[in-house]
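A.B. asks: Can you look at this prediction? I've put the sequence above it.
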Amino acid sequence: MSCKKALVALPFLGPLGEWVNTRFVDALEGEVRRRGEKWVFVSLGPGDLPGGVVEAIRDVHFVVILSGVEDGLAGLLLGYSQAMAVPVVGVDLEGGSRGGLSLLRDLGLPLAVLKGTEEEAWRDLAAEVLDEAFPGEGERGDYPGLLRHGLAIRPPHGYPEICRVFGDIESYVGEDGTLDPSWEKEMLGYASLPFSLPLSWAPEKVVTRIHCHRLLAPVLEGLFQEVVDRGLRPLVRTYGGCFSFRRMRGGGRLSTHSWGIAIDLNPDTNPLGSKGDMAPELVSLFREFGFVWGGAFSRPDPMHFQFCSGY
């Protein structure tokens, strides 16, 4: 079995910091053992000289930057990692992505968030880090729903890949912040539904088509046909929208709705920030087709499903 190497940038000092650092690395080592892999995790702490960054990155397979890492060191790690095509994953242990993790957000790179302090939360964090570092491998790359329908498209990972697959939407945004109408003409289409859905904000009206990115249309058509075939139709109660050009709520980045690659369902009982009541059967089906569920976000958005990760 070949041995891989990862670099973990650790910001914490003192006894508590040492415990957190050790706890995280232990969780990573436990997860790779569970997967039957062999890894070596090398730490780069706040006392290490920035001059050793290049040498530290030279032979690693991915880099992990924990929340609290100083901006200058995080910038060096990001710059050299991207120049050397080494994947980078951020880890938010504080719930606010402070410190150097803001740079990862600006670049659209993946962030994994610790949700709790118990044993299971650390295991979930370690699994998320490995999945984010290698999004095309293992179960994340299978997408049985896409395979069943003979669809070649796969969900992109991170902002640059989203733009490569679905278009550089920022180049269509004018100085006044509005979207050029040519975007809709060139990029969007319609997915036909096998049943009608009431609009969440006007339930007396129904939709039979979803306005979405043209590349996503066959994915949604196959998915909603399986909703019917599996007897899950009663679980889809209302439609909350797909294409909508706007910035993320509380942030400056474009929402994935802007590309027409996200869909909201049952928003009345699944508002932003809540646990919601989205049926596990629906969540599982959407994942089979390559969607990420917003209910698993650090700030839950259980109505939301997006056909991309790492953003």
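C.D. replies: Nice, thanks for sending it over.

A.B. asks: pull the CA atoms of stretch 227-244 into CSV?
C.D. replies: These are the backbone C-alpha positions of stretch 227-244, laid out as CSV (Å, rounded to 0.1, in the frame of the first residue of the first chain):
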residue,chain,number,x,y,z
VAL,A,227,-39.5,11.0,-7.6
VAL,A,228,-42.6,9.6,-9.3
ASP,A,229,-41.3,6.1,-9.9
ARG,A,230,-40.3,5.7,-6.2
GLY,A,231,-43.6,7.0,-4.9
LEU,A,232,-42.0,10.1,-3.4
ARG,A,233,-44.3,12.6,-5.1
PRO,A,234,-46.2,13.5,-1.8
LEU,A,235,-42.9,14.6,-0.2
VAL,A,236,-42.5,17.4,-2.8
ARG,A,237,-45.1,19.9,-1.7
THR,A,238,-44.1,23.3,-3.1
TYR,A,239,-41.5,24.8,-5.4
GLY,A,240,-39.4,27.7,-4.2
GLY,A,241,-37.4,28.6,-7.4
CYS,A,242,-34.3,27.7,-9.3
PHE,A,243,-32.7,30.4,-11.5
SER,A,244,-32.4,33.7,-9.6
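
A.B. asks: That stretch: how far from the chain's middle?
C.D. replies: 22 Å (CA atoms, centre = their mean, to the nearest Å).

A.B. asks: now it: mean pLDDT?
C.D. replies: The average of the pLDDT scores along stretch 227-244 is 96.

A.B. asks: Just the residues contacting that stretch, thanks.
C.D. replies: Taking contacts as CB atoms under 8 Å, 6 or more residues apart in numbering, the residues outside stretch 227-244 that touch it are 184, 188, 194-195, 197-201, 203, 207, 210-213, 224, 226, 255, 257-260, 262-268, 279, 281-282, 285, 303. (C-beta placed from N, C-alpha, C; glycine too.)

A.B. asks: cool, stretch 109-125 as well?
C.D. replies: By CB under 8 Å, 6+ apart, the list of residues contacting stretch 109-125 reads 23-24, 26-27, 30-31, 78, 88-93, 95, 97, 101, 104-105, 128-129, 132-133, 135, 157-158, 298, 309-310.

A.B. asks: what's the neighbour count on residue 267?
C.D. replies: Neighbour count for residue 267, taken as other CB atoms under 10 Å: 20.

A.B. asks: Tell me the buried residues within the contacts of stretch 227-244.
C.D. replies: By the neighbour-count criterion of 16 or more other CB atoms under 10 Å, those include these buried positions: 188, 197, 200, 210-213, 224, 226, 255, 257-260, 262-267, 282, 285, 303.

A.B. asks: among those, which are in helices?
C.D. replies: Secondary structure assignment (DSSP state H) places 224, 226, 282, 285 from the buried ones among the contacts of stretch 227-244 within helices.

A.B. asks: could these be laid out in CSV, adding distance to residue 149?
C.D. replies: Compiled in CSV, those are given as follows (distance: CB to CB, whole Å):
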residue, distance to residue 149
224, 11
226, 9
282, 17
285, 13
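
A.B. asks: Looking at those, spot the one nearest residue 245.
C.D. replies: Within these, the smallest distance to residue 245 is 23.5 Å, found for residue 224 (CB to CB).

A.B. asks: Just to check, the closest one is in contact with residue 196?
C.D. replies: No - in this structure, residue 224 is not within contact of residue 196 by CB atoms under 8 Å, at 11.2 Å.

A.B. asks: Residue 156 and residue 163, how far apart?
C.D. replies: 8 Å (CB to CB, to the nearest Å).

A.B. asks: Now residue 64: phi and psi?
C.D. replies: Here is the backbone geometry of residue 64 (degrees, to the nearest 10): phi -110, psi 130.

A.B. asks: residues contacting it?
C.D. replies: Taking CB under 8 Å, 6+ apart as the definition of contact, the neighbours of residue 64 are 6, 7, 8, 9, 28, 88, 89, 90, 91, 129, 133.

A.B. asks: same deal with residue 282?
C.D. replies: For residue 282, the contacting residues are 227, 232, 235, 236, 265, taking CB under 8 Å, 6+ apart as the criterion.

A.B. asks: Can you list the residue ranges for helices in the stretch 51-200 of the chain?
C.D. replies: For the stretch 51-200 of the chain, the helices defined by DSSP state H, counting those that start in this stretch cover 53-57, 71-83, 101-107, 119-133, 144-148, 159-166, 182-187.
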